[in-house]
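Novice: Provided below are the primary sequence and the corresponding predicted coordinates.
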Amino acid sequence: MLKGQKALVTGANSGIGRATAIGLGRAGADVVVNYVADRDAAEQVVDEIKGFGVRAAAYEADVSQEDQVIAMVDGMVQEFGTIDILVANAGLQRDARLTDMTLAQWQKVLDVNLTGQFLCAREVTKEFLRRGVVPEVSRAAGKIICMSSVHQLIPWAGHVNYASSKGGVLMMMQTLAQELAPQRIRVNAVAPGAIRTPINRSAWETPEARKDLLRLIPYDRIGDPDDIAYAVVGLASDLMDYVVGTTLYVDGGMTLFPGFATGG
């Protein structure tokens, strides 16, 4: 499905990023696995991707640092020849109630979750525009997939920095899509709901927590990282070439506001 394409996945050494990088490799893409810590985990992802008969490499970079993003994208183009797909996945949480949240907590989340996606999108777009469309590879000049969250739509008390960053991702994605579509660059987003990853283990690992969480999910199951990987692979492929500026919610129905199912 993605044979011959070159993909960069940020924050790809664990969780959703890991599953997405592996999914892209399984679909035939060569993959750069970005990480900011734990090189061993990143190399394990690289080894798994190579098992599909494609190329893969681990690149260390903090996506909130402009010089590191520029160096990563330049390095990828030099080593892999070009880039066709960006999955801007790197993200984090620094949770606190409003009156307890420090400026450092606010700024760190915005720097990584929003500015990091902007920097990565800006740099890969330069390569997309330089190369243009290569019809035998893809109908698009490039694909940018922003990893957002149901909290670009659903407010989340105690997480104002995270929710604000994801709300920003929504408008950034749509604005980039509007600007870049005439150059045949497709920009879209995936918005996960409750996904079983290490970052939110406390929300699903005990029976009590799982029961509380499932009240928010009409489909009555917690998502797996592969659910997100499948969505990303689809959006990155020519099967969805006419999908531009759209958020694909992968949430088991969480954005249906299940609390109102019986009239509120």
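Specialist: Received it, and whenever you're ready, just let me know what you need.

Novice: Could you check how far the nearest residue to Asn113 once chain neighbours are set aside is from Ala58?
Specialist: Distances taken as CB to CB, 6 or more residues apart in numbering place Ser165 nearest to Asn113, at 3.7 Å, with adjacent residues excluded. Yep, even glycine has a C-beta here, placed from its N, CA and C like the rest. Taking CB to CB, to the nearest Å as the measure, Ser165 falls 25 Å from Ala58.

Novice: out of the two, which sits in the busier spot?
Specialist: It is Ser165, of Ser165 and Ala58, that has more neighbours when counted by other CB atoms under 10 Å, with 27 against 21.

Novice: could you give the mean pLDDT of stretch 253-264?
Specialist: Averaging pLDDT along stretch 253-264 gives 86.

Novice: Can you mark which positions in it are buried?
Specialist: For stretch 253-264, a neighbour-count test (16 or more other CB atoms under 10 Å) marks Met254, Thr255, Pro258 as buried.

Novice: Likewise for stretch 206-218?
Specialist: Leu213, Leu214, Leu216, Ile217.

Novice: mind listing which of those residues are in strands?
Specialist: Per DSSP state E, strands hold no members of the buried residues of stretch 206-218.

Novice: Return the member of those residues nearest to Phe128.
Specialist: Ile217 (36.3 Å; CB to CB).

Novice: nearest residue to the closest one other than its sequence neighbours?
Specialist: Gly252 (4.3 Å).

Novice: just checking, the one you found touches Ala194?
Specialist: Yes. Using CB atoms under 8 Å, Gly252 is in contact with Ala194, at 7.3 Å.

Novice: Now for these two: what residues contact both?
Specialist: Contact criterion CB atoms under 8 Å, 6 or more residues apart in numbering; residues shared by Gly252 and Ala194: Ile217, Ile222, Gly223.

Novice: Now Trp106, what are its backbone angles?
Specialist: Main-chain torsions, Trp106, degrees, to the nearest 10: phi -60, psi -50.

Novice: Strands of this structure, start to end?
Specialist: Using DSSP E, strands in the chain cover 6-9, 30-35, 56-60, 85-88, 142-147, 185-192, 247-250.

Novice: Same list, the ones you listed, but as TSV with distance to Pro198 please.
Specialist: Formatted as TSV, the strands of the chain follow (distance: least, CB to CB, whole Å):
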stretch	distance to Pro198
strand 6-9	17
strand 30-35	14
strand 56-60	19
strand 85-88	19
strand 142-147	16
strand 185-192	14
strand 247-250	18
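
Novice: any chance of those in a markdown table, with distance to Glu66 and mean pLDDT too?
Specialist: Shown next, in a markdown table, are the strands of the chain (distance: least, CB to CB, whole Å; pLDDT from 0 to 100):
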| stretch | distance to Glu66 | mean pLDDT |
| --- | --- | --- |
| strand 6-9 | 16 | 98 |
| strand 30-35 | 15 | 98 |
| strand 56-60 | 15 | 98 |
| strand 85-88 | 15 | 98 |
| strand 142-147 | 18 | 98 |
| strand 185-192 | 20 | 98 |
| strand 247-250 | 26 | 98 |
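
Novice: Run through the helices of the stretch 101-250 of the chain in chain order.
Specialist: Taking DSSP state H, counting those that start in this stretch, the helices of the stretch 101-250 of the chain run over residues 103-110, 116-131, 160-180, 207-214, 225-236.

Novice: Identify the residues contacting the nearest residue to Gly23 once chain neighbours are set aside.
Specialist: Closest residue to Gly23 apart from its sequence neighbours, by CB to CB, 6+ apart: Ala229 at 3.3 Å. By CB under 8 Å, 6+ apart, the residues touching Ala229 are Ile16, Ala19, Thr20, Ile22, Gly23, Leu24.

Novice: Share the number of residues neighbouring the second one, please.
Specialist: Just to be clear, that refers to Ala19. Neighbours of Ala19 using other CB under 10 Å come to 24.
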